[in-house]
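1. can you look at this prediction? I've put the sequence above it.
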Amino acid sequence: MFHQLLDVASAHRAANSSSAAVVHALHPSTTTKHYLGVRACYAQCIAALQMGCDTKRLGCENMSGEPSIPKGHDRCHDAAMTIGPATSPSDALARHQAGAVSATLNIGLVAVVLAVALSFVSGSTAMSAQAPTWVLPIAIIALAVGVPHGALDHLTLRQALTLRQFAVLALGYTLIAGLGAAAIIAAPVPAFIVVVAFTVWHFGTGDVEATSSLQGKAPERGFPRVVLALALGSAPVLLPLTSPASAATLELIEPQLGQLLTPAVIVVVRTTVFIVIAVALAILVKRHQLRGALELVALTALGCLASPLLAFAVYFGLWHALRHTARLAQYTYGYVSAKTIALTFRRGLPALIGFIIVVGILAFRSSSFTLSGSWLWLGLALVWGLTIPHMVFVAAFDRRGRSASVR
């Protein structure tokens, strides 16, 4: 049954319409309207009907009486008959999706708890001057898991792109990323501050929007959204960044950044972050959103206690990227499952292959030469440059989602 629905949603995307034609049917809380202007075969219509979808939107004919079978699709009749009558399919789908969403959210939470525990057991915490050798491979794996999500920005668009449109988009994307990387290299301190601020907001709003969307809740708005976003973004970014271990590393790869993170600056930043986190926790507890409060506490512990490299890698790959990928799966295919998340992840595999090649080259160089701070700084500048257009795409995606929810 899920395969038929997936076929319907895929056909919809090929028709250059919104690729989440069944989101409204699957999530009654959203008011987004979708229309699928393609003629589905009998089996697809029956499957959609069982899901509670409006079959007229799917191009099915006479579903109130004897379903008509489009010419050339007689084989669909037998397939449809194997599905059987519609017996509370929406409940079955809701349970299936709830399980997938729960797993997606729990993976990040469990990974964060394990990262904190592993840091304590190994003695490599946020206070350690140097990270042990085992941290690097774990961090690389976690980062690799998160890389593909950044190559899926085209899925946030309202319609599919032609090859020419995709080429133009890729060119503009690369140009913006290149200019961003050049600015970071040319003016490390101001560019670093801007990028970190944008990253905090991107991670925070991404967490807020993904959680609301995946759980079928209305988007956060106003003051609570701002506070929750700042808290959820600051905990995994600013707390590790201002730890003793991270400050020493930044000074090694770019001396100007080491001069930026003076003891006074670190105290001000961390105090501000803790105040924001406290306000956010108060909001969550007042709403009786204990799951949200637990997640924020876990991220705070990760930022304060775990090795900075491990903390960021685990958060990025198994929390931020996974939730964003699940949200894109929901938008693209209409529902969340292990299959749709895997299909969405697969679209970003070219970026992962490129990441593996770059890591391999750096590993080869480091075996022959000392991997200097300048090389690491160049790599960070390129990565941060690529995040700039990505953050723009996701911000536009979030804005459209919030606007659609009030229509």
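-> Now that the structure is in, tell me what you want to look at.
2. could you find the closest non-adjacent residue to Thr125?
-> Residue nearest to Thr125 in three dimensions, not counting chain neighbours: Ser119, with 5.0 Å by Cβ to Cβ, 6 or more residues apart in numbering. C-beta here means a position set from N, CA and C on the backbone, and glycine is covered the same way.
3. ok, now Trp319?
-> The shortest distance from Trp319 to any residue other than its chain neighbours is 3.5 Å, reached at Gly108 (Cβ to Cβ, 6+ apart).
4. contacts only, for the one you found.
-> Contact analysis of Gly108 by Cβ atoms under 8 Å, 6 or more residues apart in numbering lists Tyr315, Leu318, Trp319, His320, Leu322, Arg323.
5. ok, Val195 next?
-> When contacts are counted by Cβ under 8 Å, 6+ apart, Val195 is found next to Gly180, Ile184, Trp384, Thr387, Ile388.
6. can I get these in CSV with distance to Ser212, neighbour count and secondary structure?
-> As requested, these are exported to CSV (distance: Cβ to Cβ, whole Å; neighbours: other Cβ atoms under 10 Å; DSSP: H, G, I helix; E, B strand; the rest coil):
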residue, distance to Ser212, neighbour count, secondary structure
Gly180, 29, 22, helix
Ile184, 32, 25, helix
Trp384, 27, 21, helix
Thr387, 23, 17, helix
Ile388, 25, 22, helix
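7. need those residues in TSV (columns: distance to Ala115).
-> Formatted as TSV, those follow (distance: Cβ to Cβ, whole Å):
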residue	distance to Ala115
Gly180	29
Ile184	27
Trp384	23
Thr387	22
Ile388	27
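8. which residue in those has the weakest pLDDT?
-> Among the contacts of Val195, Trp384 carries the lowest pLDDT, at 82.
9. correct me if wrong: it contacts Gly178.
-> No - taking Cβ atoms under 8 Å as the definition, Trp384 is not a contact partner of Gly178, at 11.8 Å.
10. next, the residue nearest the centre of the chain: secondary structure please.
-> Nearest to the geometric centre of the chain sits His324, at 1.8 Å (Cα atoms, centre = their mean). Under DSSP: H, G, I helix; E, B strand; the rest coil, His324 falls in the helix class.
11. list the contacts of it.
-> Residues counted as contacts of His324 (Cβ under 8 Å, 6+ apart) are His149, Gly206, Ala210, Val394.
12. poorly predicted segments of the stretch 251-400 of the chain, please.
-> Segments of the stretch 251-400 of the chain classed as low confidence (criterion: pLDDT under 70) are 359, 362-376, 379.
13. now do the strands in it.
-> Listed from the start of the chain, the stretch 251-400 of the chain has no strands (DSSP state E, counting those that start in this stretch) to report.
14. can you pull out the helices in it?
-> 255-260, 263-286, 290-305, 308-315, 321-333, 338-346, 349-368, 373-404 (DSSP state H, counting those that start in this stretch).
15. which of the residues in the longest one are buried?
-> Which is helix 373-404. When neighbours are counted by 16 or more other Cβ atoms under 10 Å, the buried residues of helix 373-404 are found to be 377, 380-391, 393-395, 397-398, 401.
16. and if you look at the third one?
-> Across helix 290-305, burial judged by 16+ other Cβ under 10 Å covers Gly292, Ala293, Glu295, Leu296, Ala298, Leu299, Thr300, Ala301, Leu302, Gly303, Cys304, Leu305.
17. export these to CSV and tack on distance to Leu155?
-> As requested, the buried residues of helix 290-305 are exported to CSV (distance: Cβ to Cβ, whole Å):
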residue, distance to Leu155
Gly292, 26
Ala293, 31
Glu295, 25
Leu296, 28
Ala298, 28
Leu299, 26
Thr300, 31
Ala301, 33
Leu302, 28
Gly303, 30
Cys304, 35
Leu305, 35
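18. quick one: which of the residues you listed is nearest to Phe192?
-> Within the buried residues of helix 290-305, the smallest distance to Phe192 is 18.1 Å, found for Gly303 (Cβ to Cβ).
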